Every structure is written in structure tokens, then in C-alpha cells.
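In: What follows is a predicted protein model with its sequence.
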Amino acid sequence: MDTIHVRMNAQLPPFVRATTSTIKELDEKVEDLKRLIRQKTYIYVKNLRNYTREEKFNFLNEIRTLYAEADGFAEKKVELAEQMYDKVDSFINEMDEYKKRLDKKRVVPDDKKLAKGTQPAKRAKVPKVERKKTTAAEHKAARLAENAAMMDQLKEAPVVGELEAPVNPHEPVYCVCRQVSFGQMVACDNKHCPTEWFHFGCVGIDATPSGVWYCSDCKQQPRRRK
């Protein structure tokens, strides 16, 4: 027991600390890549109608590369977690074996003590819990399926100007995307602006402008503001 205890104290805490620290670093890298992928995807969808076929291919290829890099970090996290699990599990198995040896060597109380009712209570046997491991292959398959679904959506994304929604055909459309009013929108301050209203995301803003605001077309035609 002393040998197991010494080895456990010497090996387990440093190993767990180092492994969890590395997993945390990898997790931060994955989150950074996810943010970058979201930014790239937003830019791609927003400017899709302006891209040539080659530009679309290059942009999608760049996003795929980011997904592959993030997937590599995520797979490494799973491998480290499994290594840590196996390390802890090996010590648990050793402790189980040691306990079995102790049980076999237990001293049986003499007959006099038993007659006086001093027999120790029989301990209920605690069933061993089956610990189920999720393999790295299962984790990877789930991630690949999720990434593939996202890439299929990007590849099949129609040109912004061709997007159609199940709405009343007589409902007016706005913005450069020529869609109906939804979400947050901003109005062009040029009273002659043919488009009038724009979705925040389509014009690259996330809050209502504090002052006068003109769309990109009206900015190029200052005389029409009067």
C-alpha cells in the first residue's frame, strides 16, 4: 500500500495538472478559431454575390482549412483526456487489487468475542461501477459530421440577391439583399434613397448610428441628399 500511495502522490497530481493545463490551452485555441470562422463566414455570405467562382472557391477553402485546424486541436484534447482517464484508472485498478489482497488477509475474531456479540457487522459489498469510455474515433466522427453539415450549407448558400423567403409576395422589400423587413434595420437619411431601409448585418453595423447615416449608394451621390 505504501508503494502505491507513494507512486500515486508522486505521479498523479503533476500529470493531471500538466494535462489539464494543456487541454485548457488547446480549448482557447479552438475558441479563437471558431470566432475567426464565424467572422469569415459572415463576410463570405454578405459579399457572396460579388465574388467570382475562383474567389468563392478560395474563400471556402480558407474556411475549410480553419475547420481542419480547429478539429486537430479538438482531437488532441480528446487524446489528452483519454490519457488522463487511463492514468487515473490504472491507479484505481491497483487499489482494487490491493483491497482484494487485504480482504483475504483479514483477521477472524476468536470464538469468545463472537459469543459476546462483538462480531463486526458485515459490510455490504459495493458493486463496481462500469466506467464507459467514449473513444477518440467517436468524438472525431461527431465533429466531422458537424463540420460537414456547416460546409454543405456554405456551399449551397444562394446569392444574396436571389434569397427567397416564404412571405407574402406583395410585401415590400428593402436593403441590398432585397428582402422583407426583419430584425434590426437602419434608414438612409437621403429622402430620395430608392432603398430606404437596410438590415444591420447587410451594411456592417451592429447598432443604430448616433448621427446622420447614408447608404453606400447615396454617399457616392451627395447632390441627391438635398
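Out: Looks like it arrived, so ask away.
In: Every contact and neighbour count from this point should use C-alpha atoms.
Out: Will do.
In: By mean pLDDT, point me to the weakest helix or strand of this protein.
Out: Least confident helix or strand of the chain, by mean pLDDT, DSSP states H and E, is helix 111-115 with a mean of 53.
In: just checking, what packs against the helix ranked longest in the chain?
Out: When the chain is parsed with DSSP state H, its longest helix is helix 53-104. Using 3 or more Cα pairs under 8 Å, 6 or more residues apart in numbering; DSSP states H and E as the contact test, the elements touching helix 53-104 are helix 2-46, helix 136-155.
In: For those, which has the smallest mean pLDDT value?
Out: Sorting the helices and strands packed on helix 53-104 by mean pLDDT places helix 136-155 lowest, at a mean of 58.
In: residues making contact with the following helix or strand past that helix?
Out: Using DSSP states H and E, the helix or strand that directly follows helix 136-155 along the chain is strand 185-187. By Cα atoms under 8 Å, 6 or more residues apart in numbering, the surrounding residues in contact with strand 185-187 are 196-200, 208, 213.
In: Could you look up the SS state of Ala207?
Out: Here Ala207 is recorded as coil under DSSP: H, G, I helix; E, B strand; the rest coil.
In: So it versus Gln39, what's the distance?
Out: 17 Å (Cα to Cα, to the nearest Å).
In: and if you look at Pro14?
Out: As judged by Cα to Cα, Pro14 and Gln39 stand 38 Å apart.
In: now do Arg17
Out: Taking Cα to Cα as the measure, Arg17 falls 34 Å from Gln39.
In: Which residues does stretch 84-99 contact?
Out: 1, 4, 8, 12, 15-16, 19.
In: same thing but 10 Å
Out: With contact meaning Cα atoms under 10 Å, 6 or more residues apart in numbering, stretch 84-99 is reached by 1, 4-5, 7-8, 11-12, 15-20, 78-83, 100-103, 105, 128, 131, 133.
In: What subset of those residues is buried?
Out: Applying a neighbour-count criterion of 16 or more other Cα atoms under 10 Å, the buried members of the contacts of stretch 84-99 are 16, 19, 78-82.
In: Now those in TSV, please, with extra columns for distance to Gln179.
Out: TSV is the format used below for the buried ones among the contacts of stretch 84-99 (distance: Cα to Cα, whole Å):
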residue	distance to Gln179
Val16	54
Thr19	50
Val78	43
Glu79	46
Leu80	48
Ala81	47
Glu82	49
